[in-house]
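K.L.:
after the sequence you'll find the predicted model.
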Amino acid sequence: MTATQVSARGVSARDLVKAAYENRYTWDKNFPGYKTDVTLKLGDETFTGTAQVNKDLSAEVFGVEDETAQKVIKNQLWEVAIHRVSRPFEKTHGDNTFSVEEETDDGAMKIAVGGKAEGDAYKVKDNEFTMVHRHMHGVVVTINTQSSYDTGSGYLSRTYDSVYHDPKTGEQKQGLSKFTDDYTQVGDYTILEKRTVESEDGSNMEISFSNIELMDN
């Protein structure tokens with residue numbers, strides 16, 4: 001093991017990433033899906049309807065005729081659900097290598113990724129990802145987390161920002177967006193209750209969920 005693969009604290013880069021990965025809050029295999037009322041605010045417009053996230057994590061929206069609003073709601077539900085999927089670390093990162101680049105001023109370890117996900121990077125602090133830099137779908141997304149929410153069964157990001165860049169030119173693709181997520185406990189599951197997004201380009205959004213009920217298995 002080379003020196004760059006071990007942090008100044010004697011913990012390997014792979015172990016740091018694995019600890020943060022396994023500390024994320026995910027839904028278990030018994031997740032039944034849920035139904036919810038939904039209110040979406042896009043700029044000066046407000047849309048209301050109902051929605052559901054199914055056991056297979058697919059999302060459906062009802063009572064919202066506006067196609068743009070319907071798509072936004074469905075995408076938000078899908079984006080939340082896909083991050084609750086539980087996969088073994090080796091299944092996700094088995095083909096990747098990790099090396100510590102530096103310890104940042106705030107005490108986080110910056111970790112470079114090699115192998116299948118060459119060019120990706122993470123920052124890890126206190127068993128949480130505080131930065132994720134990933135190549136996906138022809139863009140590079142960088143997410144910096146400022147605060148998190150402890151569910152008692154893993155953490156969720158609460159306040160964070162994201163920005164997209166062109167992977168070849170480095171050109172910024174759109175304005176920085178700032179997120180604030182609020183959660184509620186429904187039965188055995190922690191579920192998003194409200195998400196606020198403030199974007200540099202002025203395309204602000206607020207989506208809130210109420211009367212959340214788990215579906216029958």
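P.N.:
Thanks, I have the structure now.
K.L.:
for the record, mean pLDDT for stretch 90-110?
P.N.:
Mean per-residue pLDDT for stretch 90-110: 93.
K.L.:
endpoint to endpoint, it covers what distance?
P.N.:
Stretch 90-110 has its terminal residues 20 Å apart, counting by Cα to Cα, to the nearest Å.
K.L.:
check stretch 101-116 too.
P.N.:
Using Cα to Cα, the two ends of stretch 101-116 sit 18 Å apart.
K.L.:
now do stretch 99-110
P.N.:
Across its full length, stretch 99-110 reaches 9 Å between end residues, using Cα to Cα.
K.L.:
got the buried residues for that stretch?
P.N.:
By neighbour count on 16 or more other Cβ atoms under 10 Å, the buried set for stretch 99-110 is 99-100, 108-110. (C-beta placed from N, C-alpha, C; glycine too.)
K.L.:
ranges for the helices of this protein?
P.N.:
Under the criterion DSSP state H, helices of the chain are mapped to 13-22, 67-82, 89-93.
K.L.:
hang on, the earlier thing: now, which of the buried residues of stretch 99-110 lie within strands?
P.N.:
Those of these mapping onto strands are 99-100, 109-110, per DSSP state E.
K.L.:
can you give me phi and psi for the residue positioned nearest the centre of the chain?
P.N.:
Closest to where the C-alpha atoms of the chain average out (Cα atoms, centre = their mean) is His83, at 5.6 Å. With angles defined as degrees, to the nearest 10, His83 sits at phi -80, psi 0.
K.L.:
what's the burial count for Val113?
P.N.:
Residues within reach of Val113, counting by other Cβ atoms under 10 Å, total 21.
K.L.:
I appreciate the help and will end here.
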